[in-house]
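Peer 1: Attaching a predicted model along with its sequence, questions to come.
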There are 2 protein chains.
Amino acid sequence: MSAEKTIAVYGLGSMGYGMAQSLLRAGHRVYGNDVVAAPVERLAAEGGLVGDVAEFGPALDIAVIVVLNAAQTETVLFGDGGLVRHMAPGACVMACATVAPDFARAMASRCAEREVLYLDAPISGGAVKAAAGQLSVMASGSPAAFTAARPALDAMAETVFELGDAPGAGSAMKAVNQLLAGVHIAAMAEAVTFGMTQGIEAAETVEVIAKCAGTSWMFENRGPHIVAGDYTPRSAVDIWLKDLGIVLDIARGSKFSAPLTAAALQQFAAASGSGLGGEDDAAVAKVYARNANLRLPGAE
Amino acid sequence: MSAEKTIAVYGLGSMGYGMAQSLLRAGHRVYGNDVVAAPVERLAAEGGLVGDVAEFGPALDIAVIVVLNAAQTETVLFGDGGLVRHMAPGACVMACATVAPDFARAMASRCAEREVLYLDAPISGGAVKAAAGQLSVMASGSPAAFTAARPALDAMAETVFELGDAPGAGSAMKAVNQLLAGVHIAAMAEAVTFGMTQGIEAAETVEVIAKCAGTSWMFENRGPHIVAGDYTPRSAVDIWLKDLGIVLDIARGSKFSAPLTAAALQQFAAASGSGLGGEDDAAVAKVYARNANLRLPGAE
């Protein structure tokens, strides 16, 4: 058993909150931080700690940053009231947002100036797995960073992909995964609605294709949302507008032509632009249905 | 055990030849037919029969049509020396090529004029499964057509999806599957090469993503071809030029916007246009690699 550590979690959205719960369950001292007060107070009621970074910062072993994007990550680490200047040498930042590899390398360098370790550690798995301590983490960083972050990884992750000692590799692999996942969700929506134009019901496509070479993890996971007409957001349309945008930013920086990613992003943009940004990402099918005058299951 | 039937197989390519072998193994009398003599003779050496359609046609219980496309299917059925006019009432055509649902319905109607049954029965699974009698068949047609075709289905297929009594539904589901499979192959190539621009080796992407939400059946099946640098065609680039073309023809006929399919088709077109049409479909990655000045595994 690892000894009890002092850990701060920044960003108590659905992922971060579950991760904080997993850290508490493993016996760690967990400071919850968010721009919104409610989840901080809720976590406190479950045993979380509340404090000022100037006070708890020097005692931190690990800071888990699970905010929305690169800009928020930079603000948490180096903005006004920034975290890193309060951390002791040898403490570790574990950065979990989906960001560009170059950004991860820049953050790691700035942390190194203060002898703070940095683990480039994007996560995958969703809110349920976060709360169960069963996330997948795509991690890269120095051996010292891995060692320092290990107690948090042990508490939060079922699978840790160790992708080498250079920050940036973790973020790169996360971008590869998001490229595929986003394309596959849009392809699922395209295929299910295409089938409907030919008289095949959504339920039949989802059932048959799951057993055929056309299947994907996302097809099997998101297809049933369309069949059920249930767009309660497990992962929202706007996540893909953001993440496929990051993928295309990285691609453009490397002069890489990514036509499928670009096409998928346009479909999520059309979904978000027509008011579906907060719905489950399977709602990208509504764009296809609208364009083809189809009625999806559950629609009026 | 079903009684021995008299069956003709039209089209002894890698799929048709394996299907004919499976039919022979099940004890049926099998007439092999192809525009090329060599596979007909090879099948004869394994027990296949050779004859003129005017002679064996009236004795046929089932004719399995496994040629390349709709045009070849129509020629076999209704062209000069066409098969259907020689078949007896109650005999069954089992049409396996990937075609548009409207085409399947038209062929079924023309067969019905001569009281010949028609099973719309596209296949999936590849040459190895064809020879092993383990294909998947997406079938629709009248109960009488299913009953008549059953001995052939039993000999060739591991899974038969029964998609209703209307010809066209089988072809529609096949098109849905091909849409997804083609998009997923191109997405795999896009993701693996995108990762390479960020310093991730192809082998690492293929290993890690297979365990993540970004995976697909095609990713796991075709990704290793890139890692091995092996483009021996199991399924060729040109198959996707054809099949995604069929999907987009159907889509256009229904005024259905299919942007991911269109983008994927362009990548296969670029692969075929640059001389890779006969290579394994994973060679679509060579288009991405060329455009990004990357060297794929095994490349000089």
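Peer 2: Thanks, I have it.
Peer 1: If you count neighbours, what's buried in stretch A:248-262?
Peer 2: A:248, A:250, A:251, A:256, A:257, A:258, A:259, A:260, A:261, A:262 (16 or more other C-beta atoms under 10 Å in any protein chain shown). Backbone N, C-alpha and C define where each C-beta goes, glycine included.
Peer 1: Filter the residues you listed down to just the ones in helices.
Peer 2: A:248, A:250, A:251, A:259, A:260, A:261, A:262 (DSSP state H).
Peer 1: follow-up on the earlier one: just give me the closest of the buried residues of stretch A:248-262 to residue A:204.
Peer 2: residue A:260 (25.8 Å; C-beta to C-beta).
Peer 1: That closest one reaches residue B:263, doesn't it?
Peer 2: Yes. Using C-beta atoms under 8 Å, residue A:260 is in contact with residue B:263, at 5.1 Å.
Peer 1: Can you check which residues contact both of the two?
Peer 2: residue B:186 (C-beta atoms under 8 Å, 6 or more residues apart in numbering or on different chains).
Peer 1: The ones in helices among the buried residues of stretch A:248-262: which ones sit near chain B?
Peer 2: Filtering these for neighbours of chain B using C-beta under 8 Å from any C-beta of the partner chain leaves A:250, A:251, A:259, A:260, A:261, A:262.
Peer 1: Adding pLDDT, write these out as a markdown table.
Peer 2: Shown next, in a markdown table, are these (pLDDT from 0 to 100):
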| residue | pLDDT |
| --- | --- |
| A:250 | 96 |
| A:251 | 97 |
| A:259 | 98 |
| A:260 | 98 |
| A:261 | 98 |
| A:262 | 98 |
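Peer 1: Which stretches in chain A count as helices?
Peer 2: Using DSSP H, helices in chain A cover A:14-25, A:37-45, A:53-56, A:70-78, A:101-112, A:126-132, A:143-156, A:169-197, A:202-209, A:217-228, A:237-253, A:259-271, A:284-291.
Peer 1: Which of the ones you listed has the highest mean neighbour count?
Peer 2: Mean neighbour count (mean count of other C-beta atoms under 10 Å in any protein chain shown) peaks for helix A:169-197 among the helices of chain A, with a mean of 29.
Peer 1: model confidence over that one, on average?
Peer 2: For helix A:169-197, mean pLDDT is 98.
Peer 1: wait, does it contact chain B?
Peer 2: Yes. Part of helix A:169-197 sits near chain B under the criterion C-beta under 8 Å from any C-beta, namely A:169, A:172-173, A:175-181, A:183-184, A:186-188, A:190-195, A:197.
Peer 1: If you compare the directions of that helix and helix B:259-271, what angle comes out?
Peer 2: Comparing the axes of helix A:169-197 and helix B:259-271 via axes from the mean of the first three to the mean of the last three C-alpha atoms, to 10 degrees yields an angle of 110 degrees.
Peer 1: Around chain B, pick out the residues from the stretch 201-300 of chain A.
Peer 2: A:204-205, A:208-209, A:211-219, A:221, A:247, A:250-251, A:254-264, A:266-267, A:288, A:291-292.
Peer 1: now do 7 Å
Peer 2: A:205, A:208-209, A:211-219, A:250-251, A:254-261, A:263-264, A:266-267, A:291-292 (C-beta under 7 Å from any C-beta of the partner chain).
Peer 1: okay if I get the ones next to chain B among the ones in helices among the buried residues of stretch A:248-262 as CSV plus distance to residue B:17?
Peer 2: CSV is the format used below for those (distance: C-beta to C-beta, whole Å):
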residue, distance to residue B:17
A:250, 46
A:251, 43
A:259, 36
A:260, 34
A:261, 39
A:262, 41
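Peer 1: returning to what we had before: using TSV, lay out the helices of chain A together with distance to residue B:60.
Peer 2: Formatted as TSV, these follow (distance: least, C-beta to C-beta, whole Å):
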stretch	distance to residue B:60
helix A:14-25	62
helix A:37-45	71
helix A:53-56	82
helix A:70-78	67
helix A:101-112	62
helix A:126-132	55
helix A:143-156	64
helix A:169-197	33
helix A:202-209	30
helix A:217-228	39
helix A:237-253	53
helix A:259-271	45
helix A:284-291	43
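Peer 1: For the ones you listed, which has the smallest mean pLDDT value?
Peer 2: Minimum mean pLDDT among the helices of chain A: helix A:126-132, a mean of 90.
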